[in-house]
Each structure stands twice: as C-alpha cells, then as structure tokens.
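Undergrad: A predicted structure for the sequence below; I have some questions about it.
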Amino acid sequence: MIERTAIQELEKWKNSEYRKPLILRGARQVGKTTIVNNFGKSYDNYLYFNLEKTSHKETLEQEMPLDDKINLMFAAVGKVRKNGKTLIFIDEIQNSPKTIALLRYFYEEHPDLHIIAAGSLLENIVDVNASFPVGRVQYMALRPCSFREFAVAMGKQYFLQLLDNPLYSVPMHSELISLFNQYTIVGGMPEVVQRYSQQRDVLAMDDVYDTLLQAYREDTEKYVRKNKILETVRFILEAGWRAAGETITLGNFMDSGYKSGEVSQAFKLLEKAMLLELAYPTESVQVPIMPQINRTPKLLWLDTGLVNYAAGVRSEIISAKNILDVWRGRIGEQIVAQELLTLNNKVGQRRNFWARNKAQSPVEVDFIYQIDSQIIPIEVKMGHNSSLKSLHSFMSQSPNDLAIRVWPEAFSVDDVKNSLNGKTFRLINLPFYLVGGLVDVVRKYL
C-alpha cells in the first residue's frame, strides 16, 4: 500500500479533544476507503459500513435508541466490542439521508466514538435532499498522491530529506527532476502509482486510466437527471481534458454549441465531485484575494496523469526533456496546480491566478498563493529574469518583495531589479519537485 501523508492528519483528528465526526471528501478512486481501512488498524474496534449494501443501510436506518443501534452495528458486522477506542467508518453515506442526520447524534450523545464518513461526490450532489449537520461535523479533503508520496512509492524515501532543504537538493537535481518528470507523466491516482511502482511501464497503465475515466462517465449516467446537462457533462468528461491549464470560455465551450448556462451547471457538478476546478483571476496583490468570477476561468483537472492519457499528449511528454516545452507549457501549469492543492487538506481550498486586463498591456501571473498575510505570485516559466514581464508588473504593485518562479532548473535565489519601478525584489527559482515545500521555503526567505 502507498504511504499517504493524510494518515498523519487523521492521527491529529483522532487525538484532538475537539474531534467531531469527520467527512472525508475527494473524487472517486483517490483512496478514501483504503486509507481509512488502514487507519482503522490502530483502533481496538473498527467497524466498516458501506451503504451501497442493503443490509448495512438498513442497520443504520433502524429506528431505535442510539445505544441499541450501536450494539446492533457491532452485531451486523460480526464483531464483539472490546475495551478501548472505536472507529466507525460509514462509506457511501450519501445513499442514506437518515444516516447523514444520525451524525449529529453520534457527536452529541457519543463523542467517545470516532466517526468517519465518505461518499462518491457525484451521487452526493445530485437529487439528495439532505445536508450534513452544521457545526457538528468537520471536513478533510483527500487528493491524488503528491510528488513526495510518489517518491516514497518509487522507493526513493531518502529524497524526502533533500526536499526538506532546498540547498541539499542542488547536487541531486538531475535525479530529482527525472523522478518528477515520471510523476508528471504517471500522475497521482493511487492505483496507477501502485501499479507503476511495480511495473515501471507507463504504457501498461492504460487499462487503469480507462477504468477510471469510464467510472467517472458512468457516474454521470446514473446520477445526472436533466438530459441537456447530462449531454454537457458527457462532453466535458470526453473532450475537456484537452483544455487543461487553459483559460476557457463557458459559452460554446470547445466549439460544443452548448450555452453558457448549461456549461456552467455541468462544471459546477464536476467541481463538487472534485474532478476539476475552474480557477478565476484576481487583481488582488494584497489580502483578501477577491476572485473575479465574471471573467474567464482557467480549467484545472484533478490529475495530470489522467489529463495526459485522455488528451492524448502522453507520448509528447515522455519524449520531452523539459515539460515547459510541452503543450505550450500547459502541462507544467497543470502539475504545479496539482501540487499546490497538496499543501493542505482543506476542502474549500481554491486556486487563483493574477490578471490585469488593461487593453494595451494585458498581463497574467500563472498562480498566486496566500501565505500568512501575504500574496505570493508564482510564474511557471523559463527565461531571463528581465523577461518575466507579468511578474514584474505584479511586483510593481505588491507591498511584498518576494516572488516565485517554478522551473526545471536547480534551486536558486536572485535579487531582481524591477523593470517598471526600479525596486528590488527577491526571486526564488523553485524546481518543480520543491513546490510541495513552497510554504516552508517562502517563510525561510521572507
């Protein structure tokens, strides 16, 4: 099994005196069930319920006092309760609004029980007339594997100490960037990573990618009720991968002929399912970040490996020495966006880019990221420091003096004179494989 850093977050939740029932969120096949089953081994009692099973659903929906219901739950899975801590995992909870409501009573009447619930988000967001009890549950997101998790899966645990200290990474740059390029090709879906760690043949993963893509399509067939929206969702899941990392228009998306409203609804469904995100621009250079949702967004998918396969650009990436040379740099942006999501496990985390839309000189910085009270600009680009015009434009307005350039070269730090106002700012040249340590690097150099 792949070692997931989310286990550490689950341990914090387990030991917190403020613990509430935990809703684990994430797209299908990112490993929610696997990680909780593994986590359950640390408990004296572990009960697993899958509400796609009629018997499990009926057990949890029985009308009886909660203490009696808990006894029934142990009996239903054939276990005798031992002394010690108990974890109850309720999978596919969206299938039972009554069980969703039950979480409130677990929290209020049995805080001694540790409860985790998860579900397939496509089912959860369509035609389910139930909501989780406000203030009585907490949330955690599970994403595809990060580069650090990928490195461990590939047997490169010793790389982690290099990733924790940017200066240590410099002598090992060639090996690190080579491994990151593999990660960019393969992606972070756990089953793919597991298989690749055993076979080391990306072409042998085709059946896994096909199965994942088909599962997402089948979900829409089962749970999207409105025919026109179903058609639009199908189109996005079929063709939308080719627009990864690209600023898109909703109306007539990819020459589909679908209206803006239809496309918007379809994207909202897929966003809630955590399959993709529409990242909106902002002109903010100071907190708070104010996304401009009336402007055209950038399309970011959950996993670069799936993008490569579904968009048909994998062979181009395999043959490239520099991923910024591939697909006009869009795969570089997609993989950086994916790594940015691994910096925390917040469900509501969103990515933004900076864009000034003046007619004569439009400029765009690929991403911005808030660290403490500062907004840090992130460009994914090669080139001489003086050629980073968008970054210079952002820094000419920003009260801060630090910027990030993500690239395929080794780690370095430059003092750059701003071409617009003459002020000097510090530019951290961050190799792709260090994006997962962005926060620590920034805090060190602020």
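TA: Ah, there it is.

Undergrad: can you give me the helices in the stretch 101-250 of the chain?
TA: Taking DSSP state H, counting those that start in this stretch to define them, one finds helices in the stretch 101-250 of the chain at 121-124, 147-153, 159-163, 166-169, 173-186, 190-199, 206-223, 227-239.

Undergrad: tell me the mean pLDDT over the first one?
TA: If I follow you right, that is helix 121-124. Helix 121-124 shows a mean pLDDT of 54.

Undergrad: repeat for the second one
TA: Per-residue pLDDT values over helix 147-153 give a mean of 98.

Undergrad: returning to that earlier point: now the helices of the stretch 101-250 of the chain in a markdown table, with mean neighbour count and distance to Ile2?
TA: Quick note: C-beta positions are derived from backbone N, CA and C, even for glycine. Compiled in a markdown table, the helices of the stretch 101-250 of the chain are given as follows (neighbours: other CB atoms under 10 Å; distance: least, CB to CB, whole Å):
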| stretch | mean neighbour count | distance to Ile2 |
| --- | --- | --- |
| helix 121-124 | 22 | 21 |
| helix 147-153 | 23 | 5 |
| helix 159-163 | 17 | 14 |
| helix 166-169 | 16 | 23 |
| helix 173-186 | 20 | 12 |
| helix 190-199 | 18 | 6 |
| helix 206-223 | 16 | 14 |
| helix 227-239 | 18 | 26 |
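
Undergrad: and stretch 302-312, which residues are buried?
TA: For stretch 302-312, the neighbour count (16 or more other CB atoms under 10 Å) marks Leu302, Asp303, Thr304, Gly305, Leu306, Val307, Asn308, Tyr309, Ala310, Ala311 as buried.

Undergrad: starting at the chain centroid, how far to that stretch?
TA: Centroid separation for stretch 302-312 versus its chain: 14 Å, with CA atoms, centre = their mean, to the nearest Å.

Undergrad: what's the average pLDDT for it?
TA: Stretch 302-312 shows a mean pLDDT of 97.

Undergrad: Now it - C-alpha only, PDB.
TA: The C-alpha trace of stretch 302-312 is given here as PDB (Å, rounded to 0.1, in the frame of the first residue of the first chain):
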ATOM      1  CA  LEU A 302      -7.700  16.600 -10.600                       C
ATOM      2  CA  ASP A 303      -4.800  14.600 -12.000                       C
ATOM      3  CA  THR A 304      -2.100  15.200 -14.700                       C
ATOM      4  CA  GLY A 305      -1.700  11.500 -15.500                       C
ATOM      5  CA  LEU A 306      -5.400  11.400 -16.500                       C
ATOM      6  CA  VAL A 307      -5.000  14.600 -18.500                       C
ATOM      7  CA  ASN A 308      -2.000  13.200 -20.400                       C
ATOM      8  CA  TYR A 309      -3.800  10.000 -21.200                       C
ATOM      9  CA  ALA A 310      -7.300  11.400 -22.000                       C
ATOM     10  CA  ALA A 311      -5.900  14.400 -24.000                       C
ATOM     11  CA  GLY A 312      -3.500  12.200 -26.000                       C
END
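
Undergrad: Not counting it itself, show me its contacts.
TA: For stretch 302-312, contacts defined as CB atoms under 8 Å, 6 or more residues apart in numbering pick out 27, 30, 143-144, 184-189, 192, 205-206, 209, 212-213, 241-242, 244, 274-276, 301, 313-314, 317, 331, 334-335, 338.

Undergrad: Check stretch 96-108 too.
TA: Identification of contacts with stretch 96-108 by CB under 8 Å, 6+ apart yields 20-21, 51, 57, 60-61, 66, 88, 90, 93-94, 113, 115, 117, 128-133, 136-137.

Undergrad: so the nearest residue to Ala141 once chain neighbours are set aside, which of the three states?
TA: Once flanking residues are discounted, Ala141 sits nearest to Val347: 4.6 Å by CB to CB, 6 or more residues apart in numbering. Secondary structure for Val347, judged by DSSP: H, G, I helix; E, B strand; the rest coil, is coil.

Undergrad: which residues touch Val347?
TA: With contact set as CB under 8 Å, 6+ apart, Val347 has these partners: Arg25, Tyr139, Met140, Ala141.

Undergrad: List the ones among these that fall in strands.
TA: Arg25, Tyr139, Met140, Ala141 (DSSP state E).

Undergrad: and these as TSV, adding distance to Glu231, pLDDT and neighbour count?
TA: Output for the ones in strands among the contacts of Val347, formatted as TSV (distance: CB to CB, whole Å; pLDDT from 0 to 100; neighbours: other CB atoms under 10 Å):
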residue	distance to Glu231	pLDDT	neighbour count
Arg25	27	93	22
Tyr139	31	94	14
Met140	34	96	20
Ala141	29	95	21
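
Undergrad: Closest one to Gly40 out of those, please.
TA: Using CB to CB, Met140 is the member of these that lies nearest Gly40, at 15.6 Å.

Undergrad: residues in contact with the residue nearest to the closest one when sequence neighbours are not counted?
TA: The shortest distance from Met140 to any non-neighbouring residue, by CB to CB, 6+ apart, is to Asn345 (5.1 Å). If you count contacts by CB under 8 Å, 6+ apart, Asn345 has them with Ala6, Glu9, Met140, Ala141, Leu142, Arg143.
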